[in-house]
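In: need the 3D shape of this:
(chains A and B)
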Number of protein chains: 2
Amino acid sequence: MSTPHPRIAARMAGIAPFHVMDILARARQLEAQGHAIIHLEIGEPDFPTPRPIIEAGMAALNQGDLHYTPALGLPQLRSAIADFYAQHYGVQLSAQRVIVTPGASGALLLALGVLANPGDTVLLADPGYPCNRHFARFIEARTLAVPVGADTGYQLTPELVERYWAPGIKVVLLASPSNPTGTVVPDADVRAIAGICAARGATLIVDEIYHGLIYEGSYHTALAHSNQVFVVNSFSKYFQMTGWRLGWLAAPEWAIEALDRLVQNLYLAASTPAQYAALAAFMPATLAILETRKAELKVRRDYLASALRELGFDLPVLPQGAFYLYAGCGRFSQDSFAFAAQILEQTGVAITPGVDFGTHQAQRFVRFAYTTSLPDLQEAVRRLREYLQP
Amino acid sequence: MSTPHPRIAARMAGIAPFHVMDILARARQLEAQGHAIIHLEIGEPDFPTPRPIIEAGMAALNQGDLHYTPALGLPQLRSAIADFYAQHYGVQLSAQRVIVTPGASGALLLALGVLANPGDTVLLADPGYPCNRHFARFIEARTLAVPVGADTGYQLTPELVERYWAPGIKVVLLASPSNPTGTVVPDADVRAIAGICAARGATLIVDEIYHGLIYEGSYHTALAHSNQVFVVNSFSKYFQMTGWRLGWLAAPEWAIEALDRLVQNLYLAASTPAQYAALAAFMPATLAILETRKAELKVRRDYLASALRELGFDLPVLPQGAFYLYAGCGRFSQDSFAFAAQILEQTGVAITPGVDFGTHQAQRFVRFAYTTSLPDLQEAVRRLREYLQP
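Out: This next block holds a predicted model:
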C-alpha cells in the first residue's frame, strides 16, 4: 500500500485488504488470456440458491410490497429461525432474541458495536476470519490474537483462554467451524469458555455461519450451553444465499433493546426480498436439496484432503466442517503468498495464502476451498501433482 | 431508557431510539382496537417499486446466479449510475468513483468511516436526519450541530459554516433536500461550502437521497461543483426501492482504495438481486413512472402545505423537495412530543415529533410526511381541523 491520502482516517491503516484479491486479479488476467483457471480460493458455495428459496423471492417481488420490514426483521422469519433451533438442535429460543441482519457481517458489527468500547480487547484465534479483527478495529477496539495450531484443532480452548486472559478483555470470539481451518470447537470447550466469560464479566460471541456444514459428529449450537452468548449465523453458506446478504444474530435478552437502536440507525432493516425468500429456507423441500449438496461437499472434502496429503501438504487435522482445507505448505515454501502466486502462474490453480487469516505461521499455510466440482478438484490435483512431483 | 446492562458499550448511550417508534407502537395498538389511523409519520414512499424494476429483479432471481458481486458493485450498475449523472446533470463522473452500497446508510457509514478519526468533529445542521450523528457516535467521532432556522431555509450556509468553524472539524455534512425540512441548499452555497472545506483540509459529504424529488427549480448535484466531495444517494426514495436496501456513494479518487477495503470487511458487497433489479431503474419506462409519481407528490405537498398553514401551523418556507413538511406547532403546544401523542389519541393522525431531528426548537416542530394518498391527507386535515379549530 502506498502512503494514504492525508484525509483518510487512521483506522484504515489497520484494515488490511484481502491478499487473495491480488491472486484473483491475476487469475482474471490469465483467464482473459485464455488460460483455464481452477478457482479454489472462493469462499462461497458454487451451488445456486435452492429453487424453493428463489421461487419464494420471486413471489415476494411479484406481489409488489417491498417496503422496509421492522428493524429487527420480519416477525415470521424471526419465528422461523427460532423454530429451526427447536427442531434442529432441540434448543428453545424466544423469537424476541433473534435479529435478522444484512449478512453475518451485519450481525458481527452489531454484536461488537453493543459490546466493545474503544480500547477494549476482543480475544480470538489466529488463524481466523480476517474481518473479525477489522470489525474490532473499526470501532476502535483491540484484538488479542491467540496463536493456535493443530494440537488444539486450530481453535481456542478453555486453557488457552485462561492463559491469555488479560485486563480489558470484554469479548471472546469463537468461530465453529472456523474459516480457514474448518475445525469445530467441542461442546465441552464452548461451555467452559462461556463459563470463563461469565465469571470474568466478558461476553462470548460464537460465529456459527458454517454450523450447518458439519460432516460428522454431533455438535450443539452455543445457545444450548448458555443464554448469555451471542450467536452469529447466516443464510449464505449452508442455505446458499450468499448474494442475498442475509444473516441473523441470537443475543441475550438484555442486549435486544440496544441492538434494536443500533439497527434502526446503522441500516434500518435487512433486505425485504431476501427476508421473504428466506422463509422458504427451512421448508423440507429446501432442506432436502441442501442435505444432498452437503453430502457432495463431504465427498469433495474427503477427496481433496487425501489428495493434498499425498502431494505432500501438511493436514494433521481433518476438518469436520465448512468447505476449506488449511494446508501446511512448508515442504514447498516458507512464503505462502509467493507459493500461491507461483502455483497460479505454473498450474492455473488459484488458492488463498495464509497471510489473509493472521500472522501465526501464516507463511507456511494456504487455504484450499472446495467450492468447485469434484472433476475440477481432480484436475487441480493433477496439475499440482505435475508441478510439485514432476 | 432504563439503566443499561453493564456489558453494553458506552457508545450506545449516545445512540437514541427514534421517538416516533413510540408513536408508531401506540398507532398500532389503536389500529388493533379498530381505529382508522392515518400515517403521516412514515419516511418512505407509499408507491410500490416500479414494475420494470420488479421484473428485472424477478429475471435475476430466475436465472439463479446470486453469488456475491464485486465489493464495489456490479460494474454495469456502477456505469449506469455514472451515465445517470451525465444524462441527468450533465456531469462527467468516472464509474470507478461510484460505489454501490447497502442503502444510503451503508454509504454514510463508509464515508464517515474512512474520513473521521475518534474525536474528530462532523459539522451538520440541527434539525437533521438523526442517524447522521449516530453514525458519527458509532465510530467515536463528535458532531457539532449548528442550529438552523427558516431564515437560512433550515440549511447550513457558507456564513454559518465559517462562524461555527472549530479546530477538529474534518467533515461537513449537508443534506439537500433535507430530512425533515425538505429544503434544498442553493448551488452557490454548496460550491462555497466545498471551497471552505477544501481550504481547511476538511471534506464535504452531501446527502442527495431526496435529490430526485425536487419539485421546482433546477439544482445541480454537488459533484458538479467539486471532485473532492462525497455524494450519498439511494435507490430508496426517488426510485422507490426502500426495502431492497440499495444506495450509492460517489467519492474522490483518493478515497476509493480505502473504501474498497472497508466494503470488503464491513459487508462484502451489496445485495445481488437488488443490484440486478436496479439496472432497470434508469430505463425510460421506469423514469416515466417515477416522474408521474413525483408529480403526484408535488400535488400532495401543495395541498398539505396550504392546509397546514390554514390550520395554524407555521410553515415559513415551502420546501422544494423530499416528502416532508417540517411545521411549527408553537401555536398549539410547546412540547411537540406530547402534541404528537395527543394528536394521535384525539384524531388518529400519526406524525413525527421534532425531537427525532435534533434539539434546536425541536419542541416546537413536528414533521408531516406526505407518503400517503391525497384522499388520506384530506381526511387527516379534516380530523385535525375538527380537533384544532372546533
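In: contacts, neighbours, all on C-alpha from now
Out: Fine.
In: what does the domain assignment say about chain A?
Out: Listed by automatic domain parsing, the domain ranges of chain A are A:10-48+A:286-388, A:51-283.
In: ok, which stretches of the stretch 101-250 of chain A are helices?
Out: A:103-115, A:130-138, A:158-164, A:187-199 (DSSP state H, counting those that start in this stretch).
In: measure how the first one sits relative to helix B:130-138, angle-wise.
Out: Interaxial angle of helix A:103-115 relative to helix B:130-138 (axes from the mean of the first three to the mean of the last three C-alpha atoms, to 10 degrees): 70 degrees.
In: just say which of the helices of the stretch 101-250 of chain A is most tucked in.
Out: Among the helices of the stretch 101-250 of chain A, the stretch with the highest mean neighbour count (mean count of other C-alpha atoms under 10 Å in any protein chain shown) is helix A:103-115, at a mean of 25.
In: alpha carbons only: can I get that one in PDB?
Out: The C-alpha trace of helix A:103-115 is given here as PDB (Å, rounded to 0.1, in the frame of the first residue of the first chain):
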ATOM      1  CA  GLY A 103     -25.400 -11.000   6.300                       C
ATOM      2  CA  ALA A 104     -23.400 -12.300   9.200                       C
ATOM      3  CA  SER A 105     -21.200  -9.200   8.600                       C
ATOM      4  CA  GLY A 106     -24.100  -7.100   9.900                       C
ATOM      5  CA  ALA A 107     -24.500  -9.300  12.900                       C
ATOM      6  CA  LEU A 108     -20.800  -9.200  13.800                       C
ATOM      7  CA  LEU A 109     -20.700  -5.400  13.500                       C
ATOM      8  CA  LEU A 110     -23.900  -5.100  15.700                       C
ATOM      9  CA  ALA A 111     -22.600  -7.500  18.300                       C
ATOM     10  CA  LEU A 112     -19.200  -5.800  18.700                       C
ATOM     11  CA  GLY A 113     -20.800  -2.400  18.500                       C
ATOM     12  CA  VAL A 114     -23.000  -3.000  21.500                       C
ATOM     13  CA  LEU A 115     -20.300  -4.900  23.500                       C
END
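In: who does that helix touch, helix- and strand-wise?
Out: Using 3 or more C-alpha pairs under 8 Å, 6 or more residues apart in numbering or on different chains; DSSP states H and E as the contact criterion, the elements in contact with helix A:103-115 are helix A:130-138, strand A:230-234, strand A:247-250, helix A:253-266, helix B:253-266.
In: distance to A:Y68 and mean pLDDT added to those, as JSON lines?
Out: Formatted as JSON lines, the helices and strands packed on helix A:103-115 follow (distance: least, C-alpha to C-alpha, whole Å; pLDDT from 0 to 100):
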{"stretch": "helix A:130-138", "distance to A:Y68": "26", "mean pLDDT": "96"}
{"stretch": "strand A:230-234", "distance to A:Y68": "20", "mean pLDDT": "98"}
{"stretch": "strand A:247-250", "distance to A:Y68": "17", "mean pLDDT": "98"}
{"stretch": "helix A:253-266", "distance to A:Y68": "11", "mean pLDDT": "96"}
{"stretch": "helix B:253-266", "distance to A:Y68": "21", "mean pLDDT": "96"}
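In: out of these, flag the one nearest B:D207.
Out: Of all the helices and strands packed on helix A:103-115, it is helix A:253-266 that lies closest to B:D207, at 15.4 Å by C-alpha to C-alpha.
In: so the helix or strand following that closest one, near chain B or not?
Out: Moving toward the C-terminus from helix A:253-266, the next helix or strand (DSSP states H and E) is helix A:272-278. Yes. Against chain B, helix A:272-278 shows contacts by C-alpha under 8 Å from any C-alpha of the partner chain at A:272-273.
In: contacts for helix A:272-278 next, please.
Out: For helix A:272-278, contacts defined as C-alpha atoms under 8 Å, 6 or more residues apart in numbering or on different chains pick out A:53-58, A:60-61, A:66-69, A:73-74, A:77, A:235, A:244-246, B:243-244.
In: let's see that with 7 Å instead.
Out: Outside helix A:272-278, the residues that touch it by C-alpha atoms under 7 Å, 6 or more residues apart in numbering or on different chains are A:53-54, A:56-57, A:60-61, A:66, A:68-69, A:74, A:77, A:244, A:246, B:243-244.
In: backbone phi and psi for the residue nearest to A:Y238 when sequence neighbours are not counted, please?
Out: Spatial nearest neighbour of A:Y238, chain neighbours left out: A:G212 (5.4 Å); criterion: C-alpha to C-alpha, 6 or more residues apart in numbering or on different chains. The phi/psi pair for A:G212 (degrees, to the nearest 10) reads phi -70, psi -10.
In: wait, A:G212 sits on A:F239?
Out: No. With contact defined as C-alpha atoms under 7 Å, A:G212 does not count as touching A:F239 (8.3 Å).
In: comparing those two, which residue is more hemmed in?
Out: Shown here are A:G212 and A:F239; by other C-alpha atoms under 10 Å in any protein chain shown, A:F239 has more neighbours (26 against 19).
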